[in-house]
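[1] return atomic coordinates for the entry below.
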Amino acid sequence: MPHFKQLQHFKSNFAIGILVVNLPSLSPLHTIMNNESTNSRAWIIGSLFVLMACILIGRLFSLQVIEDKYEVLANDQAIFRKVIYPARGAIVDRNGKPLLQNNVAFDLMVTPSRVGKSAPMDTATFCRILGIDENTFVKELEKVIRKSGKEKLGVFRAGISKELNARLQENLFLFSGFEIAERSVRSYPMATGALMLGYLSEVTPAMLNTERFASYRQGDYVGMTGLENVYEEELRGTRGVQYLVRDVMNRPRDAYKNGAMDTAAVGGKDLELHVDAELQQYGERLMAGKMGSVVAIEPKTGGILAMVSAPSFDPNLLTGPDKGKNFAELSKMATKPLFNFATQGSYMPGSTFKPITGLVGLDVGVITPAFGYPCGGGYGACGRFTRCTHAGGGHAANLKNAMAYSCNSYFMDVFRKVVDNKAFGGPKNGLAKWNEYMYNLGFGHPLGIDITGEMGGDIKDTAYFNKIYNGNWNSCNMAIIGMGQGEVALTPLQLANAMCIIANKGYYYTPHFVKSIGGDTNHPKLAKYKEKHQPLSASPETFQAIIDGMEMVVTSGTARRVAYIPDIKVCAKTGTVENYKVLYGKNTKLDNHSVFVCFAPKDDPKIAIAVVVQNAGYGATWAGPVASLMMEKYLKGEIAKNRMHLENKMVNANLIKKYTYVIDSMERERDRIRWELKMADKKMQEAMAKRGDTVIVDRMLRNFYRIKK
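    Below is the predicted model of the structure:
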């Protein structure tokens with residue numbers, strides 16, 4: 001059987017397996033051809049194995065003899081690998097003023113498994129330098145192990161002083177496993193815009209398990225909120241590595257191979273914002289002693305000029321060694337300074353919603369600018385009388401008058417006309433069409449601003465009313481939506497954006513802070529903020545009717561005393577919003593919210609503003625002056641002398657009600673009780689589960705093994 005022996009020979013040399021053939025059936029010619037084919041295949045396969053072996057041997061030789069970096073990694077006792085953290089990108093305002101910049105800080109890092117490994121740890125000296133006792137040393141080390149593990153580098157103490165850094169550097173050879181990491185910390189030279197800028201903190205274990213932060217390691221710092229978080233990848237930069245040779249005292253000294261193997265750190269990219277830092281500061285000053293927010297947008301770009309959430313705080317509080325303590329204190333405050341009222345606060349818009357109702361009515365075609373309503377001091381068409389501020393005198397004779405004098409009846413009637421429009425086929429379809437308008441205008445969902453935590457307000461759909469009224473409802477059940485009350489809630493950001501739509505006569509850009517990244521205004525991350533949105537097909541004439549009505553609010557209507565600015569045509573709308581809160585199980589009436597929206601100049605809008613001052617009363621009394629002063633400051637650069645009294649009134653007013661603190665205390669106590677009940681319920685479930693397991697085991701012992709406990 002020569003052919004079979006030859007095949008076995010190829011198998012043993014090249015591990016190609018056994019080729020099964022019916023040899024007796026082969027003719028001599030077939031046998032010769034098969035033999036030659038087998039020899040050819042065996043030679044090719046054998047050559048491939050030899051080539052692969054040569055490649056592997058060559059690579060091993062390269063790794064072990066030629067390439068130095070693996071020698072460095074294998075010999076970390078002699079060579080110190082120092083990670084160089086890059087300077088994080090700065091953030092500047094539209095005029096180049098720094099809102100956020102870097103300072104150098106030092107962290108004391110430790111790899112627990114290496115403590116005392118190369119030499120005995122001089123714990124006494126270490127504790128003396130840090131000013132701690134040995135028990136504290138052990139606790140801190142255990143904390144690092146719990147957080148990072150024994151083998152990974154972790155932060156033993158963050159933000160050590162320059163003096164402590166110098167003392168540690170001189171004695172670091174005594175403390176094996178410890179090293180000093182240099183990094184950038186943030187400082188805020190203008191002490192403004194805390195919530196929009198955000199803050200940095202050490203990356204958490206949970207974050208390290210996500211795809212976004214997979215390249216980070218324990219001890220790295222990351223943007224947690226605001227612009228710092230959204231633009232983390234652009235601001236962060238790229239880490240570098242420096243290799244240093246240790247001296248006889250185990251201290252890193254000279255560069256290894258003159259730095260040939262070092263990798264330079266690449267600094268993060270700077271962000272240029274649309275924000276006007278002086279306007280931001282001015283807004284925070286006007287809102288001192290108040291709860292609420294201000295949003296100012298440049299209509300033609302969607303760029304945010306200012307975003308104030310009051311009460312505000314100095315962002316420098318959330319940097320440095322006292323950051324944790326300061327954060328805890330801020331989170332305990334009843335006035336909620338860590339809550340962004342501009343993007344997360346949700347309010348009934350009140351009369352500031354009336355321009356939207358009028359706009360939809362005009363676009364649907366149920367009214368014209370000349371449409372009037374015979375208001376006699378209230379709306380009673382639905383069997384329940386809803387009062388207006390005015391009665392008679394033609395205050396609702398047309399759209400402009402109804403807007404100027406803020407007639408509730410007029411806009412309730414317009415809303416009902418839209419929902420009951422026969423073209424839609426009934427109120428359910430009519431409400432669905434209304435909600436379609438609302439969604440297109442940016443209500444009921446987040447707009448997509450470039451900071452974290454934005455909420456979307458609340459627009460109720462037909463499913464909600466079907467549930468509330470068991471499917472039996474009509475436009476009368478929600479007619480007050482037309483005047484901005486009832487089942488509608490918007491964020492101040494959405495209100496400001498709505499003003500941009502009206503000011504631009506039909507379009508808007510998604511509100512955003514960042515104008516350029518690293519000097520590039522066309523950076524891919526900014527592409528979505530360049531998209532023009534046109535939510536309505538209404539004609540410019542339709543928008544003009546709303547704009548003229550809003551101008552009349554200032555010239556002869558509800559805002560004539562507070563929003564008038566000489567030489568500037570201002571369009572505005574006041575709002576006084578009813579405010580209820582559930583207390584002790586009852587819907588309790590609190591002080592009204594003061595709301596105001598506006599834009600200017602009328603014919604070439606450069607700024608649109610929405611202001612909410614909580615529990616402050618009439619829109620023209622508090623929110624209106626704040627908005628008009630900010631508008632004047634931005635457009636003229638200063639406040640006229642004859643309006644300084646208005647500025648002083650706003651700056652010095654404290655409108656935070658005492659019941660704010662009582663309500664906060666009640667809510668915290670409620671949350672505490674709920675948490676305790678939840679934990680008690682969880683423990684009860686665990687106990688029941690254990691009891692169930694015990695019963696099952698008892699049954700198994702009795703039924704299968706005849707064992708009795």
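[2] where's F543 relative to Q614, distance?
    Distance, F543 to Q614, by Cβ to Cβ, to the nearest Å: 31 Å. Just so you know, the C-beta spots here come from the backbone N, C-alpha and C atoms, and that holds for glycine as well.
[3] neighbour count: the two, which is higher?
    Using other Cβ atoms under 10 Å as the criterion, F543 and Q614 rank with Q614 on top: 27 against 21.
[4] if I pick the residue sitting nearest the centre point of the chain, what's in contact with it?
    Nearest residue to the geometric centre of the chain (Cα atoms, centre = their mean): T452, 0.7 Å. Contacts for T452 (Cβ atoms under 8 Å, 6 or more residues apart in numbering) come out as G198, T225, G226, N229, V230.
[5] redo that, cut-off 10 Å
    Neighbouring residues of T452 by Cβ atoms under 10 Å, 6 or more residues apart in numbering: L195, G198, G223, M224, T225, G226, L227, E228, N229, V230, N340, T343.
[6] run the chain-centre distance for stretch 333-346.
    14 Å (Cα atoms, centre = their mean, to the nearest Å).
[7] scratch that, stretch 164-183 is what I was asking about
    With Cα atoms, centre = their mean as the basis, stretch 164-183 stands 36 Å off its chain's centre.
[8] cool, and stretch 239-252?
    The chain centre lies 39 Å from the centre of stretch 239-252; the measure is Cα atoms, centre = their mean.
[9] helices of the stretch 101-250 of the chain, start to end?
    All helices of the stretch 101-250 of the chain, identified by DSSP state H, counting those that start in this stretch, fall at 123-130, 134-148, 162-171, 194-197, 205-208, 226-230, 232-236.
[10] and the residue nearest to N440 when sequence neighbours are not counted, how far from L526?
    Nearest residue to N440, sequence neighbours excluded (Cβ to Cβ, 6 or more residues apart in numbering): P535, at 3.7 Å. With distances taken as Cβ to Cβ, P535 is found 21 Å from L526.
[11] low-confidence ranges in this structure?
    Low-confidence segments of the chain, defined by pLDDT under 70, are located at 1-39, 60-77, 118, 248-251, 393, 691-709.
[12] would you map out the domains in it?
    Domain assignment for the chain, taken from automatic domain parsing, gives 2-66, 79-273, 281-342+580-587+626-656, 345-558, 659-709.
[13] of all those, which lies closest to V597?
    Closest of the domains of the chain to V597 is domain 345-558, at 4.6 Å (criterion: Cβ to Cβ).
[14] how far does that closest one sit from the chain's center?
    A distance of 26 Å separates the centroid of the chain from that of domain 345-558, by Cα atoms, centre = their mean.
[15] same question for stretch 656-664.
    28 Å.
[16] residues in contact with that stretch?
    By Cβ under 10 Å, 6+ apart, stretch 656-664 touches 289-291, 310-311, 332-336, 581, 583, 588, 590-591, 614-616, 666.
[17] mind giving me the ChimeraX command for buried ones among those?
    Provided next is the ChimeraX selection string for whichever of the contacts of stretch 656-664 are buried by 16 or more other Cβ atoms under 10 Å:
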select :290,291,310,311,335,336,590,614,615,616
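[18] any idea how far C598 is from the residue nearest to N440?
    For P535, the distance to C598 - Cβ to Cβ - is 20 Å.
[19] more crowded one of those two?
    Each of P535 and C598 has its neighbours counted (other Cβ under 10 Å); C598 has more, 31 against 17.
[20] thought N435 was touching M478?
    No - under the criterion of Cβ atoms under 10 Å, N435 makes no contact with M478, lying 11.2 Å away.
[21] that older thread, for the domains of the chain, give me a markdown table that also has distance to D603.
    Listed next are the domains of the chain as a markdown table, based on distance: least, Cβ to Cβ, whole Å:
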| stretch | distance to D603 |
| --- | --- |
| domain 2-66 | 72 |
| domain 79-273 | 23 |
| domain 281-342+580-587+626-656 | 12 |
| domain 345-558 | 9 |
| domain 659-709 | 42 |
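[22] ok, which of those comes nearest K573?
    Closest among these, using Cβ to Cβ: domain 345-558, at 4.9 Å.
[23] just the endpoints, please. Distance across that closest one?
    This stretch, domain 345-558, spans 25 Å end to end (Cα to Cα, to the nearest Å).
[24] name the nearest of the contacts of T452 relative to G154.
    Closest to G154, out of all of the contacts of T452 and judged by Cβ to Cβ, is M224, at 18.5 Å.
[25] with adjacent residues omitted, what lies nearest to that closest one?
    S201 (4.9 Å).
[26] residues contacting that neighbour?
    Taking Cβ under 10 Å, 6+ apart, one finds 158, 207, 221-225, 228, 318-319, 323-324, 327 in contact with S201.
[27] show the buried residues in those residues.
    By neighbour count, with 16+ other Cβ under 10 Å, the contacts of S201 hold A158, M207, Y221, V222, G223, M224, T225, E228, L318, T319, K323 as buried.
[28] returning to what we had before: which residues does the residue nearest to M224 bridge with?
    Residues in a beta bridge with S201, per DSSP bridges, are V222.
[29] gap between it and G324?
    On the measure of Cβ to Cβ, S201 and G324 end up 9 Å apart.
[30] ok, now S539?
    The gap separating S539 from G324 is 57 Å, by Cβ to Cβ.
[31] what does Y282 give?
    On the measure of Cβ to Cβ, Y282 and G324 end up 31 Å apart.
[32] same check on G361?
    Taken as Cβ to Cβ, the span from G361 to G324 is 53 Å.
[33] next one: F385
    56 Å.
[34] longest strand in this protein, by number of residues?
    The strand that spans the most residues within the chain, counting by DSSP state E, is strand 586-600.
[35] past that strand, which element shows up next along the chain?
    Counting by DSSP states H and E, the next helix or strand C-terminal to strand 586-600 is strand 607-613.
[36] same for that next one, what does it pack against?
    helix 277-286, strand 292-298, strand 303-310, helix 492-503, strand 571-583, strand 586-600, helix 623-636 (3 or more Cβ pairs under 10 Å, 6 or more residues apart in numbering; DSSP states H and E).
[37] would you list these in TSV and tack on distance to R561?
    Below are the helices and strands packed on strand 607-613 laid out as TSV (distance: least, Cβ to Cβ, whole Å):
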stretch	distance to R561
helix 277-286	17
strand 292-298	20
strand 303-310	23
helix 492-503	21
strand 571-583	11
strand 586-600	13
helix 623-636	8
